[in-house]
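[1] Sequence first, predicted model second:
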Amino acid sequence: MHVNYKTIGKRIKETRIQQHLTQAELAEITDMSVSYICCIENAKKHASLESLVRISNVLGVTVDELLNGNQLHNPTEYQTDIDLLMSDCSGSEKRFIFEHISAAKSILRNNGWILTEKKDNY
């Protein structure tokens with residue numbers, strides 16, 4: 001099984017930035033080195049389960065949120081990414097984004113532009 005460490009690192013970095021934490025601050029709180037945090041975020045090293053638990057506890061997210069998208073059959077593959085993207089949006093911004101996503105989905109399906117994946121994966 002392939003684990004997408006780039007996605008995990010990206011989620012850690014995005015969440016850390018949203019929490020207004022530097023790599024140094026995250027490293028200090030989790031009792032890890034700054035270079036290790038940097039390597040995890042850049043997928044140069046693979047975080048252990050213990051490291052992921054410590055990081056997720058500090059960032060206030062679940063390990064599931066960090067690992068999301070690594071399962072073969074994952075109906076919520078981009079949900080965490082969307083949640084992170086919209087976390088600092090106002091209600092009207094969220095509605096605007098929702099309307100655009102809905103329109104894009106309709107256009108894709110109505111024009112048959114979904115080529116390689118089943119519709120139920122969307």
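    Done, it's in.

[2] Now do the nearest residue to Asn42 once chain neighbours are set aside against Asn110, distance only.
    Distances taken as CB to CB, 6 or more residues apart in numbering place Gly9 nearest to Asn42, at 5.9 Å, with adjacent residues excluded. To be clear about C-beta, it is placed using only N, CA and C from the backbone, and glycine gets the same treatment. Distance from Gly9 to Asn110, counting by CB to CB, to the nearest Å: 36 Å.

[3] same thing with Leu52?
    41 Å.

[4] next one: Glu41
    Taken as CB to CB, the span from Glu41 to Asn110 is 39 Å.

[5] ok, Lys94 - contacts?
    Met86 (CB atoms under 8 Å, 6 or more residues apart in numbering).

[6] quick revisit: more neighbours: which of Gly9 and Asn110?
    Gly9 (22 against 8; other CB atoms under 10 Å).

[7] so where's this protein uncertain?
    Along the chain, the model assigns pLDDT under 70 to residues 1, 69-78, 80, 114-122.

[8] top helix in this structure by residue count?
    Ranked by residue count and defined by DSSP state H, the top helix of the chain is helix 91-110.

[9] Okay, Lys21 and Glu93: tell me how far apart.
    No, residue 21 isn't Lys; it's Leu. Relative to Glu93, and taking CB to CB, Leu21 is found at 24 Å.
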